[in-house]
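Participant: Turn this into a model:
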Amino acid sequence: MPTQRFTDKMLKGLKPAASGQVDYWDELLPGFGVRVGTTGRKSFFVGTRINGKYRRITLKPAYDQLGLADARSMAKALMADAQSGIAPELRKKREVKGTFGAVAAAFMADYAHGHRTRDAMQRRINGDLAEWRDRQITDIKRADVKEIIRVKARKAPISANRLLSLISKIFNWALKEEYIEASPATLIDRPGKETERERSLSADEIRVAWSAFDRIGYPWAPLYKLLLITGQRRGEVTGMKWTEIGDDGWKLPGERAKRGKGHLVPLSSLAREILDGVPQIGELVFRAYRDTPLRNWSQADLRLRKLCGPMEEWHVHDLRRTFAKHLRSLGVDRLVVSKLLNHAEGGVTRVYDRYLADPEKAAAMERWANRLREIISGEEVASNVVALKAI
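Facilitator: As a prediction, the model looks like this:
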């Protein structure tokens, strides 16, 4: 096993082996060598012990793509790992787990498991953040975050806000899990100026929308109707299960509710009528193929807007705002509306039993159902619900 001081000129001049393979060792870095075959093909390698077992590790890329200086640097790193008992396979595994894609996947399985916006998060990771997938998360710098947000903001500033929020969540989680030592997403300003939406549907617009719901068909028709009737969030209604529906109402579980706060949603007579017309095929009330939650909301919204004709544009969340505004116009107390919307509460109202039947909530829901019937039919509907006195 010849030992020589490696130089580029010396290595280039090595002759093919007469038979088999010949190993040459570097004088400057013991354990680092080059192997020459009968065809003259050369390859750098390291011979070292890992946890007491001798290993010969061939360096990649190939000799003709790897300079001597880079090969020596790689060899030193492998030897340092070997002294710590770290084999190349383990190093590669650690590096793969440290990629942004791997960390993002762990984040989705941990933090975002069951999160109401999980699907939207995953779409942004797969789309907007795809170029980071194979990068080490420690290599992503503040400038990288600012650039990806800047590019997104050119066409969609509000979507850029949402993307920045997701990036911050991922890096904060990675910081907590000790993948990184600092987040590159801190103190970056949101590029889009947001104003609170005030759009809600008038009685005439509700009548037009309800007609459009009927024409869009199952499962979207009853889903849109329940959104308007119950005032609950899109993800919460979309994930509704038959087992959650009882005589006292719909028990929305905490794992699918915002802030993890589930509550009992009273189901009015109109809500029951809608649910009675939904086929019980699987676990979900509103199911896609193979009993999975509905996801192609953009296509359904587009169809619905066309069916609504020249009506001013509105979004799904506006149905929730419509629900609240009309309840208030009916004289329902603000606190009751807040409970129905499952808003965050303070003081003594924070500790009430969220799954306990609430007569005021149920009465408000029935009043809204009667008002909806009036709107849809264009006729006055008699109601035996006593008006709630505002406090």
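Participant: all contacts plus neighbour counts: C-alpha atoms, from now on.
Facilitator: Will do.
Participant: Residues in a beta bridge with Val46, which ones?
Facilitator: Counting by DSSP bridges, Val46 forms beta bridges with Phe32, Ile57.
Participant: I'd like the distance between it and Pro88.
Facilitator: 11 Å (C-alpha to C-alpha, to the nearest Å).
Participant: Return every residue with contacts to both of the two.
Facilitator: Taking C-alpha atoms under 8 Å, 6 or more residues apart in numbering as the contact criterion, the common neighbours of Val46 and Pro88 are Leu78.
Participant: Between these two, tell me which one has more neighbours.
Facilitator: Neighbours of Val46 and Pro88, each counted by other C-alpha atoms under 10 Å, are more numerous for Val46; the result is 24 against 14.
Participant: Pick out the residue nearest the middle of the protein.
Facilitator: By C-alpha atoms, centre = their mean, the mean C-alpha position of the chain lies nearest to Met121, the distance being 2.2 Å.
Participant: And it, which helix or strand is it part of?
Facilitator: With elements delineated by DSSP states H and E, Met121 resides in helix 118-126, which encompasses its position.
Participant: Same question for Lys169.
Facilitator: Assigned by DSSP H and E, Lys169 falls within helix 157-176.
Participant: for that helix, packing partners?
Facilitator: Contact here means 3 or more C-alpha pairs under 8 Å, 6 or more residues apart in numbering; DSSP states H and E; on that basis helix 157-176 packs against helix 100-110, helix 142-155.
Participant: Among the ones you listed, single out whichever gets nearest to Thr292.
Facilitator: Between Thr292 and those, the tightest spacing by C-alpha to C-alpha is seen for helix 100-110, at 18.1 Å.
Participant: Mind exporting the C-alpha coordinates of that closest one to CSV?
Facilitator: C-alpha atoms of helix 100-110 as CSV (Å, rounded to 0.1, in the frame of the first residue of the first chain):
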residue,chain,number,x,y,z
PHE,A,100,-37.0,22.3,5.9
GLY,A,101,-39.2,19.7,4.3
ALA,A,102,-38.6,17.2,7.1
VAL,A,103,-39.1,19.9,9.8
ALA,A,104,-42.3,21.2,8.1
ALA,A,105,-43.6,17.6,8.0
ALA,A,106,-42.9,17.2,11.7
PHE,A,107,-44.6,20.5,12.4
MET,A,108,-47.7,19.4,10.5
ALA,A,109,-47.8,16.1,12.4
ASP,A,110,-47.3,17.8,15.7
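Participant: ok, residues contacting that helix?
Facilitator: Helix 100-110 is contacted by residues 96-97, 118, 122, 125, 132-137, 170, 173-174 when judged by C-alpha under 8 Å, 6+ apart.
Participant: redo that, cut-off 6 Å
Facilitator: Helix 100-110 is contacted from outside by 133, 135-137, using C-alpha atoms under 6 Å, 6 or more residues apart in numbering.
Participant: one step back: can you give me the neighbour number for the residue lying closest to the residue nearest to the centre of the chain once chain neighbours are set aside?
Facilitator: The spatially closest residue to Met121, leaving aside those adjacent along the chain, is Leu166, at 7.0 Å (C-alpha to C-alpha, 6 or more residues apart in numbering). Taking other C-alpha under 10 Å as the neighbour definition, Leu166 ends up with a count of 18.
Participant: And the pLDDT at Leu166?
Facilitator: In this prediction, Leu166 carries a pLDDT score of 95.
Participant: quick one, phi/psi of Leu356?
Facilitator: Per-residue torsions, Leu356: phi -90, psi 140 (degrees, to the nearest 10).
Participant: which SSE is the residue nearest to it when sequence neighbours are not counted in?
Facilitator: When the adjacent residues along the chain are set aside, Leu356 lies closest to Leu264, with 6.8 Å between them (C-alpha to C-alpha, 6+ apart). Secondary-structure element containing Leu264, defined by DSSP H and E: strand 263-265.
Participant: Run the chain-centre distance for that strand.
Facilitator: Distance, stretch centre to chain centre, for strand 263-265: 25 Å (C-alpha atoms, centre = their mean, to the nearest Å).
Participant: Just the residues contacting that strand, thanks.
Facilitator: By C-alpha under 6 Å, 6+ apart, the list of residues contacting strand 263-265 reads 249-252, 354-355.
Participant: Now, these that are in strands?
Facilitator: Judged by DSSP state E, the subset of the contacts of strand 263-265 located in strands is 249-252.
Participant: got a winner among these for most neighbours?
Facilitator: Leu252 (23 neighbours).
Participant: what sits against it?
Facilitator: Listed by C-alpha under 6 Å, 6+ apart, the contact partners of Leu252 are 262-263.
Participant: Now do the residue nearest to Met121 against Phe32, distance only.
Facilitator: When Leu166 is compared with Phe32 (using C-alpha to C-alpha), they lie 45 Å apart.
Participant: After the helix or strand hosting Met10, which helix or strand is next?
Facilitator: Taking DSSP H and E as the criterion, Met10 maps to helix 8-12. Using DSSP H and E, the helix or strand that directly follows helix 8-12 along the chain is strand 21-26.
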